[in-house]
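# here is a sequence with its predicted model. Questions after.
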Amino acid sequence: MRPLLCLLLALTASGAGVPAPVETDKRVQSDGKGWRLEKAVIKDAKLPRVLLIGDSILNGYQGHATKLLAGKANVDLWVNPYNQSEHVNKLLAEVLTNGPYDVVVFNMGLHGWQEGRIKPGTFEPLMKGYVEVLKAKLPKAKLLWASSTPVTVKGKPTEINAEINPNIIEQNRMAAKVMAEMGVPVVDFYALLIDKRELARGDMFHWTAPAYNLIAQAAVDAILKELSSK
């Protein structure tokens, strides 16, 4: 077992902080507090528990989402730069020991488009495996998949990145197919922002506060809908 995985498993099991993973691609950094497992400070244990999983986009929207859920749910975060892999499925199983959770919103996409990171033909089975881990570890939880956000041209945020964005579209398509097969609703961040590219920050991947507020509201609306149905 790799040293990083051993350390992650030990720290997660003990309730300590998760060591930050490393993203070698400088274009897609954490853009905020960093990669981390962040647990809610629970003041009311009777409230439902929510887990938000995602990349730097989660760093952007989690603050507003947490405020919207204040008094309604205790919110944990797992902000990470992982793509679909057997490795991340093992890490996910350990992170979920911090539950149980009532609702999980999860996303992976902005760190898996680079050539060589996901072998051809493996995206869908790996994504299915990820959902299977969630369902096995949290059999009573409601699951929500969040699609990955558009990628724009550096310095020209209203223009779509012709090199990277087609990969995002294709991975969103494959993920949506898996979610349909496995009965997981989709919160479509991509559709929400594709015609609001004036809200992009201009660094290709990240967004301004108004955009993050939009997707936070969409995520929270979906979370509250699932909580009301439990």
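Received it, and whenever you're ready, just let me know what you need. Numbering: from 1, shown residues only.
# pull the residues that contact stretch 208-224.
Contact partners of stretch 208-224, identified using C-beta atoms under 8 Å, 6 or more residues apart in numbering, comprise 50, 52, 57, 60-65, 68-69, 72-73, 103, 105, 144, 146, 149, 185, 187-189, 192-193, 196, 199-201. C-beta: built from backbone N, CA, C; applies to glycine.
# give me the buried positions along it.
Residues 211, 212, 213, 214, 215, 216, 218, 219, 220, 222, 223, 224 are the ones in stretch 208-224 that count as buried (16 or more other C-beta atoms under 10 Å).
# thinking again about what came up before, in ChimeraX, how would I select just the buried ones from the contacts of stretch 208-224?
In ChimeraX, this line selects whichever of these come out buried by 16+ other C-beta under 10 Å:
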select :50,52,57,60,61,62,64,65,68,69,73,103,105,144,146,149,187,188,189,192,193,199,200
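# hang on, the earlier thing: out of the buried residues of stretch 208-224, give me the two with the largest separation.
Farthest apart among the buried residues of stretch 208-224 by C-beta to C-beta are 211 and 224. That separation is 20.7 Å.
# which intervals of this protein have sub-threshold pLDDT?
For the chain, residues meeting the criterion pLDDT under 70 lie at 1-32, 35, 111-117, 230.
# regarding it, what is its longest helix?
Identified as the longest helix of the chain according to DSSP state H is helix 209-229.
# CA atoms of that one as CSV?
Taking Å, rounded to 0.1, in the frame of the first residue of the first chain, the C-alpha atoms of helix 209-229 are listed here in CSV:
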residue,chain,number,x,y,z
ALA,A,209,-18.8,34.8,-7.0
PRO,A,210,-22.1,35.3,-8.9
ALA,A,211,-21.5,32.1,-10.8
TYR,A,212,-20.6,30.2,-7.6
ASN,A,213,-23.7,31.5,-5.9
LEU,A,214,-25.8,30.2,-8.8
ILE,A,215,-24.5,26.6,-8.6
ALA,A,216,-24.6,26.7,-4.8
GLN,A,217,-28.3,27.5,-5.0
ALA,A,218,-28.8,24.7,-7.5
ALA,A,219,-27.0,22.2,-5.2
VAL,A,220,-28.9,23.4,-2.1
ASP,A,221,-32.2,23.2,-3.9
ALA,A,222,-31.5,19.6,-4.9
ILE,A,223,-30.3,18.7,-1.4
LEU,A,224,-33.3,20.2,0.3
LYS,A,225,-35.6,18.3,-2.1
GLU,A,226,-33.9,15.1,-1.3
LEU,A,227,-34.0,15.8,2.5
SER,A,228,-37.7,16.5,2.3
SER,A,229,-38.4,13.2,0.7
